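A.B. asks: what shape does this take:
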Amino acid sequence: MRKIISKSKAEGKVSAPASKSVAHRMLILAAMCKDKTSVIHGISPSEDVLATIDCLSVMGVKIEYDGNCATVHGIDFSKVNTTKPLNCRESGSTLRFLIPLAMLSGNEVKFVGSERLMARPQSIYETIAKEEGLTFKRDTDSLTVCGPLRAGEYFIDGNVSSQFITGLLFALSTMDGDTKIIFNTEIESRPYVELTIWTMRQFGVRVYYDTDWSFFMFGGQEFKPQDLTVEGDWSNAAFLEAFNHIGGQAHVLGVDEESLQGDKICREYFDRLDKGYCELDISNCPDLGPILFTMAAIKDGARFTGTKRLRDKESDRITAMKNELEKFGAELEVDENSVTVKKCDLHTPSEILYGHNDHRIVMSLTVICSLFGGQIEGCEAVSKSYPKFFEDIKALGIIINDTE
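C.D. replies: As a prediction, this is how the structure comes out:
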């Protein structure tokens, strides 16, 4: 799907979509409430969240979902036994959150998904499986695991995706015995881990900081069913907020100013870019990388550190943004763990822009196209997290046309 974005400004009120980060966590924890029923309201039907619902259903969780509200009947994950593959589509959260839960049983569970997803690193789980003598088989198009995981001490690196830590916290919280996760390095993306711990607390499960570099969980904890509502998504609200820093006046509703979501920092980082060249650490908010690179190109440039994990997202986001922003006349210098965006005179691109099958690339390019105009190929990628993105910004006054 190709869209033509014309020069235009965003003005008016818009509600942020529901947080898929929170929705994933609430749905999975509701599914872990054995033989009990929870209700989760305000779920946005993004492709990633639908993947989690589908996979939980295959694992034996009964979920009644109407496009906004999910009634979830919990199960005992140690008894999961299915011959049907779990299709994670393109959702890294779905895959990494559910792998440890699938390893609670002594039965093989097979995961499938897009080629890009199945190629993404899973070394944390692979190492644990090897150390514990569990099954972990990777093919080009699938991954098969078999447990059972047991209580004890687990040593992992902290400078990895928070998705691994979240997945382990979910699974290990079900143990009868006490469990400890010890990190070999400082934890990156700590806000996402804090979000996991906060959500677990809503369901009656406690995770304790044994030290700054380790977590402790008592065995035998009881999961308590809940009736909860998913809060607004700061990760996607960032793209709406960006319009306010290029001449627009979009009032973004539905986000919690006190949220634990790490991407809440978008407003602070946009303000700093408004003031001129600066250095920003995005190790705790890597999903903001594409829109921050874009805003730095529009403004006076910036140097970003903590960028290396952007290469392992839905696309190689560093290469993708470098290629696309250069079509506007931007210049990006890339190092192993940093990206420098130089101040340059930008112009309307003469080439078609590509979304690289990545929702955050598409939305970032849309923001800059509202200043200079441009055509973006692959706009359907927004369905991964924000299906109504183009509908919402069109209502704000951004001029969008589809090509035939």
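A.B. asks: ranges for the helices of this protein?
C.D. replies: Applying DSSP state H to the chain gives helices spanning 20-31, 47-58, 92-102, 115-119, 123-132, 162-172, 190-202, 234-242, 266-274, 289-298, 317-325, 359-372, 389-395.
A.B. asks: hmm, who's touching the fourth one?
C.D. replies: What that stands for is helix 115-119. 88-92, 95, 111-112, 138, 140-143, 314-315, 357 (CB atoms under 8 Å, 6 or more residues apart in numbering). Just so you know, the C-beta spots here come from the backbone N, C-alpha and C atoms, and that holds for glycine as well.
A.B. asks: rerun that using 7 Å as the cut-off
C.D. replies: 88, 90, 92, 95, 140-143, 314 (CB atoms under 7 Å, 6 or more residues apart in numbering).
A.B. asks: now which of the residues you listed would you call buried?
C.D. replies: Buried members of the contacts of helix 115-119, counted by 16 or more other CB atoms under 10 Å: 88, 90, 92, 95, 143, 314.
A.B. asks: in its sheet, what does the lowest-mean-pLDDT helix or strand in the chain sit against?
C.D. replies: In the chain, no helix or strand scores lower on mean pLDDT, DSSP states H and E than strand 208-211, which sits at a mean of 87. Strand pairing for strand 208-211, determined by DSSP bridges: strand 214-217 (antiparallel).
A.B. asks: which ones are touching the nearest residue to residue 247 once chain neighbours are set aside?
C.D. replies: Spatially, and ignoring its direct neighbours in sequence, residue 247 is nearest to residue 9 (5.5 Å; CB to CB, 6 or more residues apart in numbering). Residue 9 makes contact with 247-248, 397 under the criterion CB under 7 Å, 6+ apart.
A.B. asks: what about 10 Å?
C.D. replies: For residue 9, the contact set (CB atoms under 10 Å, 6 or more residues apart in numbering) comprises 243, 246-250, 370-371, 396-399.
A.B. asks: so which of these are in strands?
C.D. replies: Using DSSP state E, the subset of those located in strands is 249-250.
A.B. asks: select only the buried ones of the contacts of residue 9 in PyMOL?
C.D. replies: Here is the PyMOL command that selects the buried residues among those (16+ other CB under 10 Å):
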select buried, resi 243+246+248+250+370+371+396+397+398
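A.B. asks: roughly how far does the closest residue to residue 48 other than its chain neighbours sit from residue 45?
C.D. replies: Spatially, and ignoring its direct neighbours in sequence, residue 48 is nearest to residue 91 (4.0 Å; CB to CB, 6+ apart). Residue 91 is 13 Å from residue 45, where distance means CB to CB, to the nearest Å.
A.B. asks: please name the bridge partners of residue 180.
C.D. replies: Bridge pairing for residue 180 - DSSP bridges - gives residue 153, residue 216.
A.B. asks: got any ranges where the stretch 151-300 of the chain has weak pLDDT?
C.D. replies: For the stretch 151-300 of the chain, no stretch has pLDDT under 70.
A.B. asks: try the stretch 1-150 of the chain
C.D. replies: Across the stretch 1-150 of the chain, nothing is flagged by pLDDT under 70.
A.B. asks: distance to residue 74 for the helices of the chain - can I get that in TSV?
C.D. replies: Shown next, in TSV, are the helices of the chain (distance: least, CB to CB, whole Å):
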stretch	distance to residue 74
helix 20-31	6
helix 47-58	10
helix 92-102	12
helix 115-119	26
helix 123-132	23
helix 162-172	13
helix 190-202	14
helix 234-242	27
helix 266-274	34
helix 289-298	36
helix 317-325	36
helix 359-372	30
helix 389-395	33
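A.B. asks: out of the ones you listed, nearest to residue 215?
C.D. replies: Closest approach to residue 215 among the helices of the chain is made by helix 162-172 (7.0 Å; CB to CB).
A.B. asks: from the chain's centre, how far out does that closest one sit?
C.D. replies: On the basis of CA atoms, centre = their mean, to the nearest Å, helix 162-172 sits 14 Å off its chain's mean C-alpha point.
A.B. asks: so what's residue 50 up against?
C.D. replies: 20, 43-44, 65, 67, 89, 91, 94, 383-384, 387.
A.B. asks: number of nearby residues for residue 209?
C.D. replies: As a burial measure, residue 209 scores 10 neighbours (other CB atoms under 10 Å).
A.B. asks: the residue lying closest to it once chain neighbours are set aside: what's it in contact with?
C.D. replies: Nearest residue to residue 209 in three dimensions, chain neighbours excluded: residue 215, at 6.5 Å (CB to CB, 6+ apart). For residue 215, the contacting residues are 154, 165, 168-169, 172-173, 179-183, 187, 193, 197, 207-209, by CB under 10 Å, 6+ apart.
A.B. asks: filter these to the buried ones?
C.D. replies: Using 16+ other CB under 10 Å, the buried ones in the contacts of residue 215 are 154, 165, 168-169, 172-173, 179-181, 183, 187, 193, 197, 207.
A.B. asks: take those and lay them out in TSV including distance to residue 298.
C.D. replies: Below are these laid out as TSV (distance: CB to CB, whole Å):
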residue	distance to residue 298
154	44
165	34
168	39
169	38
172	44
173	44
179	47
180	46
181	41
183	37
187	32
193	32
197	36
207	40
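A.B. asks: list just the nearest of these to residue 344.
C.D. replies: Closest approach between the buried ones among the contacts of residue 215 and residue 344, by CB to CB: residue 187, at 35.7 Å.
A.B. asks: surely that closest one meets residue 159?
C.D. replies: Yes - contact criterion CB atoms under 10 Å: residue 187 and residue 159 qualify, at 7.7 Å.
A.B. asks: neighbours of residue 311, how many?
C.D. replies: Neighbour tally, residue 311, other CB under 10 Å: 14.
A.B. asks: for residue 68, same thing?
C.D. replies: So residue 68, with other CB under 10 Å, has 13 neighbours.
A.B. asks: that one and residue 129: what is the separation?
C.D. replies: Taking CB to CB, one finds residue 68 at 37 Å from residue 129.
A.B. asks: ok, residue 366 next?
C.D. replies: For residue 366 relative to residue 129 (CB to CB), the value is 41 Å.
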